[in-house]
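Peer 1: the following block contains a protein sequence and its predicted model.
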Amino acid sequence: MSNSVKSISVSYNPVNKQNTFSNGDVLAGRVVVVIAKETKIKTLLVKVRGKAEVFWTEQQGYRIDIYDAKQKCLKLDKILLSPKKDEGDIVLAPGSHAYPFIFQLPQGLPSSFTGEHGSIQYKVEAKLSRSWRIPSRAISPFMFLSKVDLSTHQLMLPQQGIITKTFKVFTSGNVTFKVNLDKSSFRQGDERRLVEVSNGTSREITPKFCVTQKQNFFASGKRKLHKNTVLKAAGEPVPAKSEQTHVRMVSLPHDLSVSILNCDILKVEYKIRVYLDIPYAINPELKMPIVILPASYVTLEEGTSPKITQLYKWVNNCKAA
């Protein structure tokens, strides 16, 4: 910062307690420039940017291959100060100068995310330009969580799987377990009725749950996959020779990253695995794709969006796999 420009800052007004923004939200704030002595400026610009980046390396013998890619997600600009045509530079007097701004965030943006080999980040940036000077800048990052309309789409439809198995050695009898998802989407922190068990065997059986996150990174025609187990849990044991149906619940973490399926170079997907822990036997299991949504998502009245279409296709593809 020069002697003339003492400081420049940019701030925005939170729209909720979580300090997150989403589709259609208004991003409003102000740029404050503190001038030490009278100075001339060419322009004062505020811009909102969103960018996805991925990067990783792979070693083959003595050679190291580098893979990286970038994708612009959001570009909004607003000129706060600029001279009129045929006028010279703008002169700012000493003191503090505040300039408000307002943007409306568009639909279809991917959520903020920081992963093993890439990230999606959003920021507000102010830029003060002067003749023959390096521009003065101020940056304020913000968190974006995408909201989707599930009310009219098949992500609201249930998924179901059922297994009946007979055991004869060490563990005898029949066991039936059914996994029911009333819809394919979960909110962060959701508690959901999930598995029903009818245990006709001679041993106690424990239903267990595992949620796996898949981070997919794409660059130069290649994919880098990182898997992460985000939840391991066990339900209450189901007693032996218990013919009645026992229902078990599963709770998802509140800080779980949301699904990202609308970015070309970075995707975040989830699958839930439900299995029965049976002593001295091969454990039967069922796997299903799920979509994680923000804890406080609001239904949008905008019809079928590209993001919804991608979510729908992804769930159906996972079912067919």
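Peer 2: On my side now, so go ahead. Numbers count the residues shown, from 1 in each chain.

Peer 1: how is the chain carved up into domains?
Peer 2: 5-144, 154-320 (automatic domain parsing).

Peer 1: pick out the shakiest of the ones you listed, pLDDT-wise.
Peer 2: Ranked by mean pLDDT, the domains of the chain end with domain 154-320 at the bottom, a mean of 79.

Peer 1: SS state for the spatially most central residue of the chain?
Peer 2: The centre of the chain sits closest to V258, judged by C-alpha atoms, centre = their mean, with a distance of 3.6 Å. Secondary structure state of V258, per DSSP: H, G, I helix; E, B strand; the rest coil, is coil.

Peer 1: let me see the contact set for it.
Peer 2: Taking C-beta atoms under 8 Å, 6 or more residues apart in numbering, we find V258 in contact with 111, 145-146, 188, 268, 292-294. In short, each C-beta sits where N, CA and C put it, glycine included.

Peer 1: switch the cut-off to 6 Å
Peer 2: Applying C-beta atoms under 6 Å, 6 or more residues apart in numbering to V258 gives the contacts 111, 292, 294.

Peer 1: from S22, how far off is it?
Peer 2: The gap separating V258 from S22 is 11 Å, by C-beta to C-beta, to the nearest Å.

Peer 1: same deal with I260?
Peer 2: In terms of C-beta to C-beta, I260 sits 14 Å off from S22.

Peer 1: what of V31?
Peer 2: Distance, V31 to S22, by C-beta to C-beta: 23 Å.

Peer 1: these two - which one has more neighbours?
Peer 2: Neighbours were tallied for V31 and for S22 using other C-beta atoms under 10 Å; the higher tally belongs to V31 (26 against 22).

Peer 1: now that one: closest residue in space, sequence neighbours ignored.
Peer 2: For V31, ignoring the flanking residues on the chain, the nearest one in space by C-beta to C-beta, 6 or more residues apart in numbering is A126 at 4.4 Å.

Peer 1: which strands and helices sit next to the helix or strand hosting that neighbour?
Peer 2: Assigned by DSSP states H and E, A126 belongs to strand 118-129. Counting contacts by 3 or more C-beta pairs under 6 Å, 6 or more residues apart in numbering; DSSP states H and E, strand 118-129 packs against strand 5-12, strand 43-60, strand 136-144.

Peer 1: centre of the chain to the next helix or strand after the longest one, how far?
Peer 2: What it means is strand 43-60. Downstream of strand 43-60, the first helix or strand assigned by DSSP H and E is strand 63-81. With C-alpha atoms, centre = their mean, to the nearest Å as the basis, strand 63-81 stands 18 Å off its chain's centre.

Peer 1: so what touches strand 63-81?
Peer 2: 44-48, 50-58, 90, 99, 101, 103, 109, 219-220, 222, 264-265.

Peer 1: which among those residues count as buried?
Peer 2: 44-48, 50, 52-54, 56, 90, 99, 101, 103, 109, 219, 265 (16 or more other C-beta atoms under 10 Å).

Peer 1: so the nearest residue to A69 once chain neighbours are set aside versus H226, what's the distance?
Peer 2: Excluding the flanking residues, the one nearest A69 by C-beta to C-beta, 6+ apart is A219, at 3.8 Å. As judged by C-beta to C-beta, A219 and H226 stand 14 Å apart.

Peer 1: before we move on, what about D68?
Peer 2: 16 Å.

Peer 1: neighbours of S259, how many?
Peer 2: 25.

Peer 1: do the same with K70
Peer 2: Neighbour tally, K70, other C-beta under 10 Å: 12.

Peer 1: Serialize the contacts of V258 to a markdown table and add fields for distance to G118 and neighbour count.
Peer 2: Converted to a markdown table, those look like this (distance: C-beta to C-beta, whole Å; neighbours: other C-beta atoms under 10 Å):
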| residue | distance to G118 | neighbour count |
| --- | --- | --- |
| S111 | 13 | 24 |
| I292 | 18 | 24 |
| P294 | 20 | 17 |
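
Peer 1: out of those, the closest to L194 would be?
Peer 2: When these are ranked by distance to L194 (C-beta to C-beta), I292 comes first, at 15.0 Å.

Peer 1: the closest one contacts S259, doesn't it?
Peer 2: Yes: using C-beta atoms under 6 Å, I292 makes contact with S259 at a distance of 4.8 Å.

Peer 1: list the beta-bridge partners for the residue nearest to V31.
Peer 2: Residues in a beta bridge with A126, per DSSP bridges, are V46, A138.

Peer 1: residues contacting it?
Peer 2: Here A126 is in contact with 8, 10, 31, 46, 138 (C-beta under 6 Å, 6+ apart).
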